[in-house]
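Novice: I would like the atomic coordinates for the input below:
(one chain, ligands or ions: 1)
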Amino acid sequence: MASESLIEIQGLNFSYGQRPILKGIDMTMGRGKVIAIMGGSGSGKTTLLRLIGGAVRPTSGYVKVAGQVVHKLKRDELFRMRRKMSMLFQFGALFTDLSVFDNVAFQMREHTNLPESMIRDLVLMKLQAVGLRGAHELMPNQLSGGMARRVALARSIALDPLLIMYDEPFTGLDPISLTVIGNLIRRLTDALGMTSIVVTHDVQESLKIVDYVYFIADGVIAAHGTPDEVRRSVAPFVHQFVHGEEDGPVSFHYPARPYAQDLKLEGSFA
Ligand SMILES: Nc1ncnc2c1ncn2[C@@H]1O[C@H](COP(=O)(O)OP(=O)(O)OP(=O)(O)O)[C@@H](O)[C@H]1O
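Specialist: Residues are numbered from 1 along each chain as shown. Have a look, this model is predicted:
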């Protein structure tokens with residue numbers, strides 16, 4: 001029987017060279033859920049997505065997707081697994097010389113033997129899901145930023161993935177497009193029974209649409225919980241993040257020696 005969780009991460013450690021980036025991460029992500037991963041810049045969020053996608057190997061521990069340990073898959077098995085995952089890194093650019101329709105059709109033509117008539121129906125269905133069926137003949141340079149993201153979203157669901165990973169889906173959007181993209185992530189996840197992982201700094205927007213949040217700081221899970229638990233949390237780190245406070249456990253200041261010492265040194269130059 002298929003397990004309820006799509007992703008299980010156990011004791012995951014990862015280093016770039018000698019530098020530890022992730023230190024003993026444990027996570028479970030259920031099917032049909034939208035999960036946010038938040039944390040300061042450089043805390044290892046994108047690295048975590050790369051580990052889930054099998055782009056890099058853990059130093060120890062593992063990531064299991066649909067019951068399979070990703071780093072133990074053979075090359076062809078990994079490619080097959082990746083076909084079930086979509087990764088929207090900074091909302092990957094569209095092919096500029098292909099129409100909206102052809103952008104969405106691209107992977108279907110590459111990876112399936114479906115007849116063109118069926119591809120047409122499927123592409124229009126995917127575009128309908130993101131509200132852009134009427135825009136299928138446009139070229140990418142005729143789209144607004146928000147529309148381009150919706151096309152990228154339609155393209156990412158072309159092959160009915162089990163999992164979509166979004167890296168910063170809200171960056172640079174106006175407030176209306178931001179809500180549209182957030183709601184689409186939620187609705188598509190529900191309609192297609194996928195799992196969505198959203199790496200984001202946009203706390204308020206993501207709390208509206210996600211089922212669960214993990215906060216990463218210094219390579220460990222600093223806090224986790226449902227949006228309600230996160231909103232109510234008095235943990236200083238979570239509070240600072242949710243309320244966008246400049247200083248707190250995540251320091252505003254780059255580490256420095258005591259101020260007085262620097263001032264004294266400066267004086268000695270006179
Ligand atoms: N290929 C690489 N080689 C060496 N170090 C790297 C490499 N890629 C990333 N890093 C380092 O690993 C750390 C984690 O990077 P990562 O991109 O996972 O952070 P992040 O949490 O996604 O940050 P941001 O929110 O700024 O995108 C950073 O300090 C970064 O400098």
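Novice: any weak-confidence spans in the stretch 101-250 of the chain?
Specialist: The stretch 101-250 of the chain contains residues with pLDDT under 70 at 245-250.
Novice: residue boundaries of the strands in it?
Specialist: Along the stretch 101-250 of the chain, counting by DSSP state E, counting those that start in this stretch, strands occupy 163-167, 195-199, 212-217, 220-225.
Novice: most packed of those strands?
Specialist: strand 195-199 (a mean of 25; mean count of other C-beta atoms under 10 Å). Every C-beta, even on glycine, is put in place using the N, C-alpha and C of the backbone.
Novice: touching the ligand at all, that one?
Specialist: No - figure legend: strand 195-199 not in contact with the ligand (C-beta under 6 Å from any ligand atom); closest approach 6.5 Å.
Novice: could I have that strand exported to PDB, CA atoms only?
Specialist: The C-alpha trace of strand 195-199 is given here as PDB (Å, rounded to 0.1, in the frame of the first residue of the first chain):
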ATOM      1  CA  THR A 195       3.000  17.400  -2.900                       C
ATOM      2  CA  SER A 196       4.400  21.000  -3.200                       C
ATOM      3  CA  ILE A 197       7.500  22.300  -1.400                       C
ATOM      4  CA  VAL A 198       7.800  26.000  -1.300                       C
ATOM      5  CA  VAL A 199      11.100  27.600  -0.400                       C
END
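Novice: List the strands paired with it, with their directions.
Specialist: strand 34-39 (parallel), strand 163-167 (parallel) (DSSP bridges).
Novice: Please tabulate the ones you listed in TSV, including the columns distance to the ligand.
Specialist: Shown next, in TSV, are those (distance: least, C-beta to the nearest ligand atom, whole Å):
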stretch	distance to the ligand
strand 34-39	6
strand 163-167	7
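Novice: just to revisit the earlier point, Throw the strands of the stretch 101-250 of the chain into TSV and include distance to Arg155, thanks.
Specialist: Formatted as TSV, the strands of the stretch 101-250 of the chain follow (distance: least, C-beta to C-beta, whole Å):
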stretch	distance to Arg155
strand 163-167	11
strand 195-199	15
strand 212-217	26
strand 220-225	31
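Novice: of all those, which lies closest to Arg82?
Specialist: Closest approach to Arg82 among these is made by strand 163-167 (10.0 Å; C-beta to C-beta).
Novice: List the contacts of Gly54.
Specialist: Counting by C-beta atoms under 8 Å, 6 or more residues apart in numbering, Gly54 touches 70-71, 73, 78, 81-82.
Novice: out of those residues, what pair is the most spread apart?
Specialist: In terms of C-beta to C-beta, the contacts of Gly54 reach their longest pairwise distance at His71 and Arg82, which sit 13.1 Å apart.
Novice: Looking at those two, which has the bigger crowd around it?
Specialist: Legend: neighbour count by other C-beta atoms under 10 Å for His71 and Arg82, higher for Arg82 (18 against 14).
Novice: That concludes my questions; thank you for your assistance.
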